[in-house]
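Asks: Sequence and predicted model, in that order:
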Amino acid sequence: MNKEWDLSPLYRGIDSPEYRADFAALENLAAQFNAFAAHLPEEDRGAVLHEALALQEQLEQKIGPLFEYAGLRSSVNTSDEAAINAMAKLQKLLSDSSAASAALEAYVGRTENLEELIAADPLLGDYAYLLQTMQDDAKYTLDEKVEEALAKMNLSGGSAWENLQSYLTSTVTADYRGKQIPLSAVRNLAYDPDPAVRKDAYDAEVACYAKVRDGVCFALNSLKQQVTTECEMRKGGSPLEMTLRKSRMQKSTLDAMIRAIEEYLPVFWKYLRAKAKMLGYEGGLKWWDLFAPMGKNTASYTVEDAKTYLIDHFRPFAPDMADMMERAFDEAWIDFYPHAGKVGGAFCSNLASIKQSRVLTNFDGAFGDIVTLAHELGHAYHGMMIENHRPLNLNYSMPVAETASTFNETVVMNAALAEATDPQVKLGLLESQLQDTTQIMCDIMSRYWFETAVFEKAKEGFAFPDELCRMMTDAQKRAYGDGLDPESLNPYMWVCKSHYYSAGLSFYNFPYAFGGLFAAGLYAQYRKEGEAFLPKYRALLKATTVSSVEDVAKMADIDLGDVNFWRSSLEIFKDRVDLFLELAAKA
């Protein structure tokens, strides 16, 4: 089976005739769009909007594959000069069209009879939600020349700082037991069954961050200051308020979810203290033991094992998902193993142009890696549900982005728990699930509070590395309470998490908690309804690109502003913790 993904269905190289031809076609389309948007007539607005959308569709169909190919190449080799240069050219081309995009948005914003025009034209009807959100966003759009200047400055600003963080963390090596290994590899050792390996890996990881902390610190400060300045210029409120608007999510939804999570954080602290006791010490858990395997869940899995496991467990739930997973393994959609120059973590990129996806993981053979694959292939399934939308209706917002992925995690873990007969195996599986749940509750809250603090600091000055480390540990103490040993935290988690490093995407943390709790609520419905749930689930995923977060939830009869919904999902996890405590007491 392949170890690396195959990008040839997109292009065979940046120097290939197909890539060069598509880039030239994109340049021509961008010039057409810029010229068109420079003179938008006030009369016959329906025809104008029709032509504008048709042009934007053509642009999207060209720029999507070009960006995807260059971005995927650079993610597995952050020193790939050809890919990095290609990305820079594409970003410049986009920035050159920013004034035209701003002009079109302003035009939509001042179109008083938009609903009437939408009803009269099938193309506009297909883009009703897009046009309505453009009209809402128009009030925060600046003058066309200012928008153009911001986009151009971002090339050497936010985008460059983002690339710096990615480059530094993917190329730095850790000194682990006398050997230099990639940061992603040393972080994987946190799952090793040997406590001495975990502790040595933690020490090596923390020391590794010290090598790059200054450069990453400047990246983080500069990005947050840029976002803060832009929010002030747009008079759009705080970075969080801007994020919620982009997410098509109400503040009342976020408030209800966070209120419920804060109420239930002590539940997860109980789990962490129980795990610490099982590992032989009193008080809170050590940071380096967060991912220590428990019970008999210490088996090692091959990629072939992962394929069989996932297909067998998803076919009873959704045969079309199992078929897609089989394609993903057989047709080289997945890049599996860590190596120098490859970014850490995992992600899925939906490639609507070829109706496929590509998944990056850092597979190390633990059961958690199978869960990670299930998560990322959930994103791929989400992509399959929306792939037949029109080209401009392919982007779902941050909160719902984690729904299908986290739902898949729930399917895998619940199936594994149901099959386990040995109490020690059940304990290991349950503990693995609680590891992940604690991450999307406690750790995600620490990230949310940390990022909030960084934005507050950005209003007044620069946060040097030591201050960022203090802000990070303060957030961890608040989120993990007495569940973790306060003397053994990880002050450098701000260095390695790429989610903080985007000028256009702030607070990419709470969506993971949203996805986990929303998926738990959906899974509870699936358990009640059985096969009848699947058509509703598919329709819900399909609607995520053309509906607000709240309207998507209503399709499953869920009111996201009701704190009791979030509590009901958290009760499911509380039951898991109670079962873990019961099994731990008998171990």
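Replies: It's in.

Asks: Leaving out the residues flanking it, which one is nearest to D443?
Replies: A479 (6.8 Å; C-beta to C-beta, 6 or more residues apart in numbering). For every residue, glycine as well, the C-beta is placed using N, CA and C.

Asks: Neighbours of the one you found, how many?
Replies: By the measure other C-beta atoms under 10 Å, the count of residues near A479 is 25.

Asks: next one: the one 4 residues further on
Replies: Under the neighbour criterion other C-beta under 10 Å, G483 is assigned a count of 24.

Asks: now K139
Replies: Count around K139 with other C-beta under 10 Å applied: 12.

Asks: circling back to that earlier point, so the residue nearest to D443 is in which element?
Replies: According to DSSP states H and E, A479 maps onto helix 465-480.

Asks: Output that helix in PDB with nothing but the alpha carbons.
Replies: This file holds the C-alpha atoms of helix 465-480, laid out as PDB (Å, rounded to 0.1, in the frame of the first residue of the first chain):
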ATOM      1  CA  PRO A 465       8.000  34.300  24.700                       C
ATOM      2  CA  ASP A 466       8.100  34.200  28.500                       C
ATOM      3  CA  GLU A 467       4.800  36.100  28.700                       C
ATOM      4  CA  LEU A 468       3.200  33.800  26.100                       C
ATOM      5  CA  CYS A 469       4.300  30.800  28.100                       C
ATOM      6  CA  ARG A 470       2.800  32.300  31.200                       C
ATOM      7  CA  MET A 471      -0.500  33.000  29.400                       C
ATOM      8  CA  MET A 472      -0.500  29.500  28.100                       C
ATOM      9  CA  THR A 473       0.000  27.800  31.500                       C
ATOM     10  CA  ASP A 474      -2.600  30.200  33.000                       C
ATOM     11  CA  ALA A 475      -5.100  29.000  30.500                       C
ATOM     12  CA  GLN A 476      -4.100  25.300  31.000                       C
ATOM     13  CA  LYS A 477      -4.500  25.700  34.800                       C
ATOM     14  CA  ARG A 478      -8.000  27.200  34.300                       C
ATOM     15  CA  ALA A 479      -9.100  24.500  31.800                       C
ATOM     16  CA  TYR A 480      -7.500  21.500  33.500                       C
END
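
Asks: ok so, going back, against S502, how distant is the residue nearest to D443?
Replies: Going from A479 to S502 by C-beta to C-beta, to the nearest Å gives 22 Å.

Asks: Also M493?
Replies: 17 Å.

Asks: now swap in A520 and tell me
Replies: 27 Å.

Asks: now A219
Replies: 11 Å.

Asks: Could you tell me which residues touch both of the two?
Replies: E162 (C-beta atoms under 8 Å, 6 or more residues apart in numbering).

Asks: Which of those two has more residues huddled nearby?
Replies: Taking neighbours as other C-beta under 10 Å, A219 and S502 compare with A219 leading, 24 against 16.

Asks: my read is the more buried one is in a helix, agree?
Replies: Yes - checked against DSSP: H, G, I helix; E, B strand; the rest coil, A219 lies within a helix.

Asks: Could you find the closest non-adjacent residue to it?
Replies: Per C-beta to C-beta, 6+ apart, closest to A219 is W161, 4.0 Å.

Asks: And for L150?
Replies: Per C-beta to C-beta, 6+ apart, closest to L150 is E230, 6.8 Å.

Asks: State the three-state secondary structure for that neighbour.
Replies: helix.

Asks: What are the boundaries of the helices in the stretch 351-500 of the chain?
Replies: For the stretch 351-500 of the chain, applying DSSP state H, counting those that start in this stretch gives helices covering 367-386, 398-401, 403-419, 423-438, 444-458, 465-480, 493-496.

Asks: for the ones you listed, which one sits closest to I84?
Replies: helix 493-496 (20.7 Å; C-beta to C-beta).

Asks: Centre of the chain to the following helix or strand past the closest one, how far?
Replies: On the C-terminal side of helix 493-496, the closest following helix or strand by DSSP H and E is helix 510-529. Distance, stretch centre to chain centre, for helix 510-529: 17 Å (C-alpha atoms, centre = their mean, to the nearest Å).

Asks: got the angle between helix 510-529 and helix 403-419?
Replies: 50 degrees (axes from the mean of the first three to the mean of the last three C-alpha atoms, to 10 degrees).

Asks: Buried residues of the helix or strand that helix 510-529 is followed by, list them for me.
Replies: Per DSSP H and E, helix 510-529 leads on to helix 533-543 as the next helix or strand towards the C-terminus. Buried residues in helix 533-543, defined by neighbour count with 16 or more other C-beta atoms under 10 Å: 533-534, 536-538, 540-543.

Asks: Pull the residues that contact helix 533-543.
Replies: By C-beta under 8 Å, 6+ apart, helix 533-543 touches 317-318, 381-382, 385-386, 389, 403-404, 407, 522, 525-526, 529, 551-552, 555-556.
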